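Novice: this is the structure alone, sequence omitted:
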């Protein structure tokens with residue numbers, strides 16, 4: 001691990017972070033678990049997963065027996081595979097898609113429904129419990145996981161299709177190895193319409209972004225490094241503008257936590273505009289209105305007095321409201337809004353997005369906007385997820401953190417086993 005940057009992201013520290021990302025030897029030394037290589041394997045994951053599906057007997061899954069609902073059972077990236085399916089098929093899809101992270105199936109699930117159990121390791125307790133329960137209830141079951149695992153044995157005992165996952169890294173980097181079989185199974189059931197051409201377009205987009213974000217590419221032309229540098233020393237809020245980009249926002253927030261060890265808040269417009277935007281009036285907004293505006297929720301409350309020196313404990317905020325730079329020098333952690341814009345967003349959300357941009361500028365909240373592009377939702381999602389996966393690893397390296405380590409996760413698991 002590189003030297004710690006410390007808790008103050010002033011100019012010198014930012015230059016050091018940028019220098020780390022533009023020094024190949026530093027990048028290599030700071031990534032002993034080869035997380036960048038694992039991110040770069042995304043396109044290969046798509047093609048390998050498609051071959052695994054072709055080699056698996058899925059003949060029992062047909063559109064003629066389309067289920068009433070599909071339940072995706074999984075935790076972490078496995079659950080995100082289900083959310084990805086839901087976003088790609090759209091709200092107008094013919095079948096309800098439910099993602100379950102519990103240890104039991106919803107009470108209404110029965111023989112008319114399908115259950116897809118997904119676990120990279122094939123040993124996740126919650127997923128195993130749901131798979132076994134689905135078999136007992138007579139649901140149509142399909143499983144995706146490691147060959148020879150406990151999940152594989154449940155599938156064999158239940159005579160359910162099993163798609164093996166060829167794992168080449170940590171579960172957090174195996175999204176596409178898990179998601180592609182889920183999409184293919186949904187296609188077999190007549191729930192999704194994607195096709196070989198779209199899968200190859202998605203793989204090509206993943207390769208394209210990987211080339212742009214390769215370690216040898218300098219930060220001023222590398223979108224992954226540039227986004228990482230936007231986030232150093234900030235508290236990220238990641239918002240999508242549609243269900244589709246909301247999945248990308250959730251993925252980015254999770255990867256920031258797992259790879260960069262950064263807390264991040266994920267949201268989707270218009271919902272985020274009704275709750276999370278309130279943070280623009282809090283202690284992490286450089287030009288917050290909290291000290292100058294009366295409460296809009298209760299007009300009867302008096303406005304804050306002009307003489308702020310009379311407010312008790314104001315010094316505890318440790319903010320200079322008139323000088324953002326001074327606040328940063330005092331260790332202030334500012335919000336950074338990352339807006340993932342889907343061209344297929346609702347028109348009202350487009351208006352809201354423009355208003356959010358203006359409001360963020362007024363409050364001094366810096367903003368990075370990522371534009372999704374591509375005709376098919378899967379291609380749009382692939383491009384932005386690959387970019388943000390790279391950014392999360394680069395942010396770890398810029399911060400002097402090993403992106404592959406998961407000490408807190410392992411400690412917690414050891415305490416609960």
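Specialist: On my side now, so go ahead. Quantities reported herein were computed from a predicted structural model and do not represent experimental measurements.

Novice: what about the nearest residue to residue 212 once chain neighbours are set aside, how many residues close to it?
Specialist: Of all residues not flanking residue 212 in the chain, residue 223 sits nearest, at 5.8 Å (Cβ to Cβ, 6 or more residues apart in numbering). C-betas here are computed from N, CA, C, even on glycine. Under the neighbour criterion other Cβ atoms under 10 Å, residue 223 is assigned a count of 17.

Novice: got the phi and psi for residue 223?
Specialist: phi -60, psi -30 (degrees, to the nearest 10).

Novice: can you check the one 10 residues further on too?
Specialist: Residue 233 adopts backbone torsions of phi 70, psi 20, taken as degrees, to the nearest 10.

Novice: separation between it and residue 253?
Specialist: Distance, residue 233 to residue 253, by Cβ to Cβ, to the nearest Å: 17 Å.

Novice: that older thread, how about the residue nearest to residue 212, what does it touch?
Specialist: 209, 212, 213, 387, 391 (Cβ atoms under 8 Å, 6 or more residues apart in numbering).

Novice: just flag the most distant two among the residues you listed.
Specialist: Across the contacts of residue 223, the longest distance by Cβ to Cβ is 11.6 Å; it joins 212 and 391.

Novice: Three-state assignment for the closest residue in space to residue 131 that isn't next to it in sequence, please.
Specialist: The shortest distance from residue 131 to any residue other than its chain neighbours is 3.9 Å, reached at residue 117 (Cβ to Cβ, 6+ apart). Under DSSP: H, G, I helix; E, B strand; the rest coil, residue 117 falls in the strand class.

Novice: got the contact list for residue 117?
Specialist: 73-74, 127-128, 130-131, 134, 141-145, 151, 154.

Novice: of these, closest to residue 279?
Specialist: Checking those against residue 279 by Cβ to Cβ gives residue 74 as the nearest, at 30.0 Å.

Novice: and the nearest residue to the closest one once chain neighbours are set aside, how many neighbours does it have?
Specialist: Closest residue in space to residue 74, ignoring its immediate chain neighbours: residue 118 at 4.0 Å, by Cβ to Cβ, 6+ apart. By the measure other Cβ under 10 Å, the count of residues near residue 118 is 32.

Novice: bridged to residue 118, which residues?
Specialist: Counting by DSSP bridges, residue 118 forms beta bridges with residue 144.

Novice: I'd like the distance between it and residue 385.
Specialist: Taking Cβ to Cβ, one finds residue 118 at 17 Å from residue 385.

Novice: check residue 336 too.
Specialist: Counting by Cβ to Cβ, the gap from residue 336 to residue 385 is 19 Å.

Novice: so which of those two has more stuff around it?
Specialist: residue 385 (27 against 21).

Novice: who's in contact with that one?
Specialist: Taking Cβ under 8 Å, 6+ apart, we find residue 385 in contact with 175, 248, 251, 252.

Novice: as CSV, the residues you listed with distance to residue 169 and neighbour count would be great.
Specialist: Converted to CSV, these look like this (distance: Cβ to Cβ, whole Å; neighbours: other Cβ atoms under 10 Å):
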residue, distance to residue 169, neighbour count
175, 11, 26
248, 20, 29
251, 16, 25
252, 18, 26
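
Novice: these in helices, which ones?
Specialist: Within these, residues falling in helices by DSSP state H are 175, 248, 251, 252.

Novice: from these, which single one is nearest residue 183?
Specialist: For these, the nearest to residue 183 is residue 175 (11.9 Å; Cβ to Cβ).

Novice: tell me the pLDDT of the closest one.
Specialist: pLDDT for residue 175: 95.

Novice: ok, it touching residue 79?
Specialist: No: the criterion here is Cβ atoms under 8 Å, and residue 175 misses it with residue 79 at 10.7 Å.

Novice: and residue 339, what element?
Specialist: Using DSSP states H and E, residue 339 falls within strand 335-341.

Novice: pull out the buried residues from that strand.
Specialist: Within strand 335-341, the residues that count as buried by 16 or more other Cβ atoms under 10 Å are 335, 336, 337, 338, 339, 340, 341.

Novice: so, low pLDDT: which residues of the stretch 51-200 of the chain?
Specialist: Counting by pLDDT under 70, the ranges of the stretch 51-200 of the chain that qualify are 91-92.

Novice: can you give me the strands for it?
Specialist: 69-73, 96-100, 114-119, 140-145, 162-164 (DSSP state E, counting those that start in this stretch).

Novice: now the stretch 251-400 of the chain
Specialist: Ranges of strands in the stretch 251-400 of the chain, per DSSP E, counting those that start in this stretch, are 265-268, 335-341, 366-371.

Novice: how about those, which one is nearest residue 400?
Specialist: Nearest of these (Cβ to Cβ): strand 335-341, 18.9 Å.

Novice: tell me the strands beside that closest one, with direction?
Specialist: strand 235-240 (parallel), strand 366-371 (parallel).

Novice: check the offset of the first one from the chain's centre.
Specialist: Spelled out, that is strand 235-240. 10 Å (Cα atoms, centre = their mean, to the nearest Å).

Novice: that older thread, which ones among the contacts of residue 223 map onto helices?
Specialist: Mapping the contacts of residue 223 onto helices (DSSP H) picks out 209, 212, 387, 391.

Novice: the third one: how many residues sit nearby?
Specialist: To tie it back to what came earlier, the one meant is residue 387. Residue 387: 23 surrounding residues under other Cβ under 10 Å.

Novice: nearest to the spatial middle of this protein, which residue is it?
Specialist: The centre of the chain sits closest to residue 251, judged by Cα atoms, centre = their mean, with a distance of 0.6 Å.

Novice: what's near enough to touch that residue?
Specialist: Counting by Cβ under 8 Å, 6+ apart, residue 251 makes contact with 80, 175, 385, 388, 389.

Novice: leaving aside the residues next to it on the chain, what's closest to the second one?
Specialist: Nearest residue to residue 175 in three dimensions, chain neighbours excluded: residue 77, at 5.0 Å (Cβ to Cβ, 6+ apart).

Novice: who's in contact with that neighbour?
Specialist: 120, 171, 172, 174, 175, 178.

Novice: how close does residue 254 sit to residue 264?
Specialist: Distance, residue 254 to residue 264, using Cβ to Cβ: 8 Å.

Novice: between these two, point out the one with more neighbours.
Specialist: Between residue 254 and residue 264, counting by other Cβ under 10 Å, residue 264 is the more crowded of the two (22 against 19).

Novice: pLDDT score assigned to that one?
Specialist: 96.

Novice: equivalent analysis for residue 222, please.
Specialist: 97.

Novice: try residue 416
Specialist: pLDDT recorded at residue 416 is 83.
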